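**Student:** Could you work out the structure for the sequence below:
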Amino acid sequence: MSTSRLPRTYFDELYARSADPWEFTTRWYEQRKRALTLAALPRARYRRAFEPGCGIGVLTAELATRCDSIVATDIVEDALRTAADRLGETVDSGAVQLRRWGLGDDWPPDTFDLVVLSEVCYYLDAASLHSALDELLAHLDPDGTVICVHWRHHVPEYPLTGDRVHAILAAHPGFSVTARYHDEDFLLEVFAPLPSDLRSIAQREGLV
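**Tutor:** Numbers count the residues shown, from 1 in each chain. Model (predicted):
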């Protein structure tokens, strides 16, 4: 699949300067965002998750407590090596598979019931993101979940803003938004494929 996105060298240079360029391991902002991401997932457990742009595997480690297996990818080899060290036994057991892959590449043949798009979609231009979402839908289980989380402040190098990413996903005819959180800094939305069971968690559990 042809794509227009930030070049790999952009990320290679970031990781050459720091092993944790976005300070995932030290900032309360990042810890809080991960907690909200996990809390927003509508199911207690997932069969197989896909996390493009996993970086050094901090969110991956937390997702592993909710997923039987995860395919986590990044385009930076140094990031994947750090993630492998962090994830340890889950990689050794095969519960987490790390692959060098970037959003916009041809999708792996797997299907998933959870796709996590965290701080990754604005590295593509609009046309490439539309194509990636079409591919995502083709690899998402009928009862699957897509969770999308992005920084809202402008970054000159990024082809898209976080708000534009979420507008594109919300306008895609194959998805319906089922939950939303936003503040000044980031936007978090949960999507289900259409047609799908769009009942709330309380409705599905017979509480209402």
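
**Student:** Just the strands from the protein, written as ranges.
**Tutor:** For the chain, the strands defined by DSSP state E occupy 46-52, 67-74, 96-100, 112-118, 140-151, 175-182, 186-193.

**Student:** Quick one: these as CSV, columns for distance to Gly162 and mean neighbour count too.
**Tutor:** Every C-beta, even on glycine, is put in place using the N, C-alpha and C of the backbone. Output for these, formatted as CSV (distance: least, C-beta to C-beta, whole Å; neighbours: other C-beta atoms under 10 Å):
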stretch, distance to Gly162, mean neighbour count
strand 46-52, 16, 22
strand 67-74, 19, 22
strand 96-100, 25, 18
strand 112-118, 11, 23
strand 140-151, 3, 21
strand 175-182, 10, 16
strand 186-193, 6, 21
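
**Student:** got those strands as a markdown table, with mean pLDDT and distance to Arg204 columns?
**Tutor:** As requested, the strands of the chain are arranged in a markdown table below (pLDDT from 0 to 100; distance: least, C-beta to C-beta, whole Å):
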| stretch | mean pLDDT | distance to Arg204 |
| --- | --- | --- |
| strand 46-52 | 98 | 15 |
| strand 67-74 | 97 | 19 |
| strand 96-100 | 96 | 28 |
| strand 112-118 | 98 | 15 |
| strand 140-151 | 97 | 11 |
| strand 175-182 | 96 | 12 |
| strand 186-193 | 97 | 12 |
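
**Student:** out of those, nearest to Gly88?
**Tutor:** Shortest separation from Gly88 across the strands of the chain is recorded for strand 96-100, at 9.4 Å, computed as C-beta to C-beta.

**Student:** for the closest one, packing partners?
**Tutor:** The contact analysis (3 or more C-beta pairs under 8 Å, 6 or more residues apart in numbering; DSSP states H and E) places strand 96-100 against strand 67-74, helix 77-87, helix 89-92.

**Student:** What about Leu198, how many residues nearby?
**Tutor:** 11 (other C-beta atoms under 10 Å).

**Student:** looking at it, it is touching Ala179, isn't it?
**Tutor:** No: the pair Leu198 / Ala179 is not scored as a contact, 11.0 Å apart, by C-beta atoms under 8 Å.

**Student:** Touching stretch 44-54 from outside, list them.
**Tutor:** Applying C-beta atoms under 8 Å, 6 or more residues apart in numbering, the contact partners of stretch 44-54 are 59-60, 63, 66-74, 79-80, 83, 98, 101-103, 108, 110-120, 123, 139, 141, 145.

**Student:** Please state the offset of stretch 110-121 from the chain centre?
**Tutor:** The chain centroid and the centroid of stretch 110-121 are separated by 4 Å under C-alpha atoms, centre = their mean, to the nearest Å.
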